[in-house]
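A.B. asks: structure for this input, please:
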Amino acid sequence: MSETEDTSSPEKFKVRKVGEDEKLPFTAHLAELRHRLLAACIAVFVCFAACYSFIGFFIDILEMPIREAAPNLKLSFLSPTEGFFVSMKVGLFAAIFFAWPYILYQAWMFIAPGLIRKERRYIIPLIVVGTLFFALGASFNYFIILPFGLKFLIGFGETYWQANITIDFYLSFCVKLTLAFGLVFQLPIIIAVLGKLEMVTSEQLKKGRSYSVVGAFIIAAILTPPDVLTQCLMAGPLVILYEMSIHVVKFIEKKNVEAEEATNEAQ
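C.D. replies: Numbers count the residues shown, from 1 in each chain. Have a look, this model is predicted:
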């Protein structure tokens, strides 16, 4: 898009494909960002319309952990509009999930022209691996953490009181915990990037093992409900991911040495 282009024309609503080596002025970058955001929002809206037709199915999936933890518990709502708005939120989360590959594609098409060729080579594998690790963390939370955590917390509370959980609070609890596990599972990727940039070494990571265990339990205490079981279930994978990161960085260091030796031989 050039600076002299008439932005009042219908063409402004079209998402334009920018070449990886194309240079754009600042105003064109803003217009390109608007186009990419618009395309992502349209994708989410389309997925939302499709997902809302199956909202009962998605609500059943959402309620499965609490039904497993407390079979006799029935979720409730406090206001006439709460049920409607929670169903809309569930549909929106499902829409974002299904539209996520297209959202990442739009993000990539926006940032690619600003990256050098070497950086472009790494960004797509990072996005793919990051998405897979986020899905792994979210799945770990859904199938293991939520059932165990809910069973403990509800069982403890019912010792003294009658459980009456609203759907809005339950949805917020599930989403926050899922995001927390999805994000902490990015640890190996973050450390691998730092290792590639030579900001950390495998020897430094080995020396920091004892601190990593303490840090894992501190992070788990902040991100999870205040019960020992759930905290251990998050801290344990964090420690394992840290150990994985040490081997990943060690592998990267080996590859860097081999590349440097090959460059020296070529010279």
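A.B. asks: pLDDT below threshold where in the stretch 151-267 of the chain?
C.D. replies: The stretch 151-267 of the chain contains residues with pLDDT under 70 at 267.
A.B. asks: how about the helices in it?
C.D. replies: 167-184, 187-196, 202-207, 209-223, 228-266 (DSSP state H, counting those that start in this stretch).
A.B. asks: for Leu37, which of these is the nearest?
C.D. replies: Of all those, it is helix 167-184 that lies closest to Leu37, at 21.4 Å by Cβ to Cβ. C-beta: built from backbone N, CA, C; applies to glycine.
A.B. asks: same for the closest one, what does it pack against?
C.D. replies: Helix 167-184 is packed against helix 55-69, helix 82-111, helix 117-140, helix 146-157, helix 209-223, helix 228-266, with contacts defined by 3 or more Cβ pairs under 8 Å, 6 or more residues apart in numbering; DSSP states H and E.
A.B. asks: how about a markdown table for those, with mean neighbour count and distance to Leu197 added?
C.D. replies: Shown next, in a markdown table, are the helices and strands packed on helix 167-184 (neighbours: other Cβ atoms under 10 Å; distance: least, Cβ to Cβ, whole Å):
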| stretch | mean neighbour count | distance to Leu197 |
| --- | --- | --- |
| helix 55-69 | 16 | 39 |
| helix 82-111 | 17 | 18 |
| helix 117-140 | 14 | 11 |
| helix 146-157 | 17 | 36 |
| helix 209-223 | 15 | 20 |
| helix 228-266 | 15 | 10 |
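A.B. asks: make TSV out of the ones you listed and add distance to Thr178.
C.D. replies: TSV is the format used below for the helices and strands packed on helix 167-184 (distance: least, Cβ to Cβ, whole Å):
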stretch	distance to Thr178
helix 55-69	10
helix 82-111	9
helix 117-140	5
helix 146-157	8
helix 209-223	11
helix 228-266	12
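A.B. asks: report the contact partners of Ser87.
C.D. replies: 52, 55, 59 (Cβ atoms under 8 Å, 6 or more residues apart in numbering).
A.B. asks: can you check Val129 too?
C.D. replies: Ile189.
A.B. asks: distance of it relative to Tyr170?
C.D. replies: Distance from Val129 to Tyr170, counting by Cβ to Cβ, to the nearest Å: 31 Å.
A.B. asks: mind putting the helices of the stretch 151-267 of the chain into a markdown table with distance to Ala95?
C.D. replies: Formatted as a markdown table, those follow (distance: least, Cβ to Cβ, whole Å):
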| stretch | distance to Ala95 |
| --- | --- |
| helix 167-184 | 14 |
| helix 187-196 | 26 |
| helix 202-207 | 39 |
| helix 209-223 | 25 |
| helix 228-266 | 28 |
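A.B. asks: which one of those helices lies nearest to Cys47?
C.D. replies: Nearest to Cys47, of the helices of the stretch 151-267 of the chain and by Cβ to Cβ, is helix 167-184 at 17.4 Å.
A.B. asks: please work out which residues outside the closest one touch it.
C.D. replies: Applying Cβ under 8 Å, 6+ apart, the contact partners of helix 167-184 are 62-63, 65-66, 75-77, 82-83, 85-86, 89-90, 93, 133-135, 137-138, 140-142, 145-146, 149, 219, 223-225, 234, 237-238, 241.
A.B. asks: can you give me the angle it makes with helix 146-157?
C.D. replies: Here helix 167-184 runs at an angle of 130 degrees relative to helix 146-157 (axes from the mean of the first three to the mean of the last three Cα atoms, to 10 degrees).
A.B. asks: wait, which of the helices and strands packed on helix 167-184 is closest to Val46?
C.D. replies: Among the helices and strands packed on helix 167-184, helix 82-111 comes nearest to Val46, with 7.7 Å by Cβ to Cβ.
A.B. asks: the inter-axis angle of the closest one versus helix 167-184?
C.D. replies: Using the same axes, to 10 degrees: helix 82-111 against helix 167-184 is 30 degrees.
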